[in-house]
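Participant: Dropping the sequence and predicted coords here.
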Amino acid sequence: MGLYRTDAIVLGHRNIGEADRILTLFSPVKGKMHAVARGVRRPHNHLLGGTQLFTYSNFLIMESRTLDSISQCEIKESFYKIRTNLEHMAYGLYFAEILRASTPVEDKNQELFSFFLKTLYFLQEWRDLELLSRIYEVKLMAIQGFAPEIFRCVSCGEKLVGKMRFSPALGGVLCARCLEKDVKALDISRESVAALQIFIKKPYRELIKLNLPENIKKQLKNITHPFILHHLDRKLRTLDFINDINCLGVQTGLTGGK
């Protein structure tokens, strides 16, 4: 047993005992991992700042046979603006929950780490958070290796022509010839298919000014959510939080991203 250093992003935490907290961290060298921050809930604890939700820190960690323990941490980026904006925090929690749910423990993935870190930077500034969510979902699925087939028919492999539908169960778009393969497949327009293709092809910096009609964004949400839930085979609790925030925003006129 010994000490090791790693950069990591705090994806979540849960309190234990009187003052301790178990953190879920995402590291470029160890993937998703867990470590305990002892005494962190006491006032002025030296670990408090660097172990806040979404914080990107460099950690000095003591190995253990059961649960590694954080000895020191140094903040590299606090992402304070996410935690102090309720709407941005809700989407950040959603992004982190999908990542936790789709990632095995200690499965190193440098590309996925870089992507999630980049997502947090964009989350601080991006106004249309629903659009960012759709882009994040599709890009995350692509990196994880379970992106939907949106370039050819998921059933026959032929070019997409005519009327199309999206099958969460089969994992992609069905062409006009294969619609009967899944009677529960969802409506999808050619414009929505084109948007999904752009999400995969283009980097964030080229998508930040993308402006999609509300009906397309609504259809994309109705497609990506069932696909993700089908793949993960679990409910995402943060979706309810986002829905509550969006409903509040509609009632008060406070939601951004319009």
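Facilitator: The structure has been received and is ready for your questions.
Participant: How is the closest residue to residue 155 other than its chain neighbours classified with respect to secondary structure?
Facilitator: The shortest distance from residue 155 to any non-neighbouring residue, by CB to CB, 6 or more residues apart in numbering, is to residue 178 (4.0 Å). All C-beta atoms are positioned from the backbone trio N, CA, C, and that covers glycine. Here residue 178 is helix, with the state taken from DSSP: H, G, I helix; E, B strand; the rest coil.
Participant: I'd say residue 178 and residue 152 touch.
Facilitator: No - look at residue 178 against residue 152 with CB atoms under 8 Å: they stay out of range, at 10.9 Å.
Participant: Between those two, tell me which one has more neighbours.
Facilitator: residue 178 (20 against 14; other CB atoms under 10 Å).
Participant: pLDDT weak spots in the stretch 51-200 of the chain?
Facilitator: Within the stretch 51-200 of the chain, no stretch has pLDDT under 70.
Participant: now the strands for it?
Facilitator: 56-62, 68-77, 165-167, 172-174, 186-187 (DSSP state E, counting those that start in this stretch).
Participant: The fourth one packs against which elements?
Facilitator: Yep, that's strand 172-174 we're talking about. Packed against strand 172-174 by the contact rule (3 or more CB pairs under 8 Å, 6 or more residues apart in numbering; DSSP states H and E) you find strand 165-167.
Participant: And the residue nearest to residue 155, how close does it get to residue 193?
Facilitator: Residue 178 sits 15 Å away from residue 193 when distances are taken as CB to CB, to the nearest Å.
Participant: now do residue 89
Facilitator: 32 Å.
Participant: just residue 122 next, same as before
Facilitator: For residue 122 relative to residue 193 (CB to CB), the value is 24 Å.
Participant: domains for the chain, by residue range?
Facilitator: 3-78, 81-252 (automatic domain parsing).
Participant: what's the average pLDDT for the lengthiest strand in the chain?
Facilitator: Under DSSP state E, the strand in the chain containing the largest number of residues is strand 3-16. For strand 3-16, the mean pLDDT works out to 97.
Participant: ok and that strand relative to strand 56-62, angle-wise?
Facilitator: Here strand 3-16 runs at an angle of 100 degrees relative to strand 56-62 (axes from the mean of the first three to the mean of the last three CA atoms, to 10 degrees).
Participant: Strand 3-16: how far from the chain's middle?
Facilitator: Strand 3-16 has its C-alpha centroid displaced from the chain centroid by 17 Å (CA atoms, centre = their mean, to the nearest Å).
Participant: Please apply the same query to stretch 118-137.
Facilitator: In this view, stretch 118-137 has its centroid 9 Å away from the chain centroid, taken as CA atoms, centre = their mean.
Participant: Buried ones in it, by neighbour count?
Facilitator: The neighbour-count check on stretch 118-137 (16 or more other CB atoms under 10 Å) flags 119-120, 123, 126, 128-137 as buried.
Participant: Specify which member of those residues is nearest to residue 48.
Facilitator: Nearest to residue 48 among those is residue 120, at 19.6 Å by CB to CB.
Participant: For residue 44, see how far away the nearest residue to the closest one once chain neighbours are set aside is.
Facilitator: Counting by CB to CB, 6+ apart, residue 79 is the residue found nearest to residue 120 once chain neighbours are left out, at 5.3 Å. Remark: distance between residue 79 and residue 44 (CB to CB) = 22 Å.
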